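A.B. asks: prediction below, plus the sequence it came from.
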Amino acid sequence: MISARTRRGDGRLTAALDPQDAGPQDECGVFGVWAPGEDVAKLTYYGLYALQHRGQESAGIAASDGKRIAVYKDMGLVSQVFDEPTLSALTGHMAVGHCRYSTTGVNKWANAQPTLGATADDGTVALAHNGNLVNSAELLRMVESTDGAHTRGEIKQGNTTDTALVTALLHGEPGISVEATALELLPKVRGAYCFVFMTEHTLYAARDPHGVRPLVLGRLERGWVVASEQAALATVGASFIREVEPGEMIAIDEDGIRSTRFAEEQPAGCVFEYVYLARPDAAINGRSVYESRVEMGRRLAQEHPVEADVVIPVPESGTPAAVGYAEASGLPFRQGFVKNAYVGRTFIQPSQTLRQLGIRLKLNVQPSVVAGRRVVVVDDSIVRGNTQRAIVRMLKEAGAAEVHVKISSPPVKWPCFYGIDFATRAELIANGAGVAEIASSIGADSLAYISEEGMIAATEQPRERLCTACFTGRYPIELVDEKERGKAVLETGAPTTAATPVVGEDGIVTTVTSTGCEPGPDAEDEKLLTETDRTPL
Ligand code: SF4
């Protein structure tokens, strides 16, 4: 079963207020369950719910009953895509699920996941991917050299993602198992990936040798679960067992669970997962994301004290760091903003009047907290600066005497090629502007960022086990030739997940789009901003 159908809203107010500026997007959550006797579709549904923050453009679930795989996917939130009848039709003993945050321009049904592909032995494989590959052009050539593999399946149906290439390559050869095919293929796949995939009989989970994105293994009473974050395990009642190791592939079927190393571990976990991306209740490599963020706030206060009256967060992502800042500075912590929790993504377009409200649709100031006070406002990061400009303006309009902006990550100066679609390099406000200039642009009385050392120390991870490329420009996974992955984006400011045109031997140009897969920190807020918010003061 593959289906697209009429979109239905859930009554929530849309955040897509400015179609001209889709903002940095791209994120994915992956989930897999092997649990005979359980309602695997509903387990996957609730697992995806817990991972909704990692992808809000489309959602899908594939289920296997041992004979056939059925998949249902559509555009929208998990709650919009699935209902009782749909989930009831997805029967079996295992399932994989995916929620996607696509790159602008490739947010289409054909690119929703899980992707389906045929295997050489007349089976089916369903695959969900979180991350971003850096050698898509090479993978496309591998697909093209595979007899017929590119003329069928999802690529033929218009899927333009790197994920579809991997699915096509899992087709393999007759007589060779999908497990063996995957173990040979995975070392050739370069970039950031967490794959959760299955055949009719076996569930697989694989993490790239750098472990850029998180992937965890959990235990149910009668089965196993793999998921992007621990919160999804807790939501479905699974206990955390361990992380899937970098360079490891796990297979789960009626013979039990087995682990194979397909590549040597070269850890380079994304430090931005600690700063912003992961849920605060996640733990990555044994370190609580929440505690990391609180510690970032403490260190920020030690590095950049200021005379002020109150500390407030930009909700929700700035909250743990604001707690830490208040604790270390001795200043009172207050909630200076109230967030409208129901501003999400739906298909209801706002009226022109609502558009003009901009970010005020999402955030209201508490005047009693800020009026007449010197306010420290803590946020996790600055990408373009537009959101912070709007925030400062709101605080000043509400009567704040001074606004001091504190940021719990260093300046973002470089694009991410491993799955975060922040913005183009040209759009990054810290690319070319100093701290004082940025403070002036956003209208703040002062601005300070945590140091790189402070951020890393707060994660309690060795520096050499982390990727910090968007802050430092030091990319831990070699970026192949610019034609193969669009290196020109570093120089020209072209989109970081730009489509990669590849000319085949037959002269036909094929375009491969990166899956992307993590949202930029201001992905939602950017869509709410008005033209005034985007204009430097
Ligand atoms: S470049 Fe930044 S966002 Fe991308 S993986 Fe590295 S640390 Fe994470």
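C.D. replies: Looks like it came in fine.

A.B. asks: going by C-alpha atoms from here, please, whenever you check contacts or count neighbours.
C.D. replies: Noted.

A.B. asks: kindly report the residues of the chain close to the ligand.
C.D. replies: 270-272, 416, 418, 420, 467-470 (Cα under 6 Å from any ligand atom).

A.B. asks: out of these, which is most surrounded?
C.D. replies: residue 418 (30 neighbours; other Cα atoms under 10 Å).

A.B. asks: so that one sits against residue 133, correct?
C.D. replies: Yes. Applying Cα atoms under 8 Å, one finds residue 418 in contact with residue 133, separated by 6.8 Å.

A.B. asks: residues shared between the contacts of the two?
C.D. replies: Both residue 418 and residue 133 are contacted by 191-192, under the criterion Cα atoms under 8 Å, 6 or more residues apart in numbering.

A.B. asks: and the helix or strand hosting residue 458, what does it pack onto?
C.D. replies: Assigned by DSSP states H and E, residue 458 falls within helix 452-459. Here helix 452-459 touches helix 289-303, going by 3 or more Cα pairs under 8 Å, 6 or more residues apart in numbering; DSSP states H and E.

A.B. asks: pull up the gap between residue 225 and residue 173, please.
C.D. replies: Residue 225 sits at a distance of 29 Å from residue 173 (criterion: Cα to Cα, to the nearest Å).

A.B. asks: I misspoke; the intended subject was residue 421.
C.D. replies: Going from residue 421 to residue 173 by Cα to Cα gives 35 Å.

A.B. asks: so which of these two has more stuff around it?
C.D. replies: When residue 421 and residue 173 are compared for neighbours, residue 421 comes out ahead with 31 against 14, by other Cα under 10 Å.

A.B. asks: any weak-confidence spans in the stretch 51-200 of the chain?
C.D. replies: 102-107, 147-152 (pLDDT under 70).

A.B. asks: revised request: answer the last question for the stretch 201-350 of the chain.
C.D. replies: Using pLDDT under 70, the stretch 201-350 of the chain drops low at 341-350.

A.B. asks: state which one residue of it is found closest to the ligand.
C.D. replies: Distances between the stretch 201-350 of the chain and the ligand by Cα to the nearest ligand atom are smallest at residue 270, namely 3.8 Å.

A.B. asks: for that residue, give the beta-bridge partners.
C.D. replies: residue 467 (DSSP bridges).

A.B. asks: contacting residues for it?
C.D. replies: Contacts of residue 270 by Cα under 8 Å, 6+ apart are 212-213, 466-468.

A.B. asks: redo that, cut-off 10 Å
C.D. replies: The contact partners of residue 270, by Cα atoms under 10 Å, 6 or more residues apart in numbering, come to 192, 210-214, 277, 284, 418-420, 465-470.

A.B. asks: go on, residue 375?
C.D. replies: Contacts of residue 375 by Cα under 10 Å, 6+ apart are 306-312, 336, 369, 392, 395-396, 400-405, 445.

A.B. asks: quick check on those residues: which are buried?
C.D. replies: 306, 308-312, 336, 369, 392, 395-396, 400-405, 445 (16 or more other Cα atoms under 10 Å).

A.B. asks: in strands, which of the residues you listed appear?
C.D. replies: Using DSSP state E, the subset of the buried ones among the contacts of residue 375 located in strands is 310-312, 402-405.

A.B. asks: which residue ranges form the strands in the stretch 251-400 of the chain?
C.D. replies: Assigned by DSSP state E, counting those that start in this stretch, the stretch 251-400 of the chain shows strands spanning 256-261, 269-270, 283-284, 287-288, 310-313, 337-339, 343-344, 363-365, 374-379.
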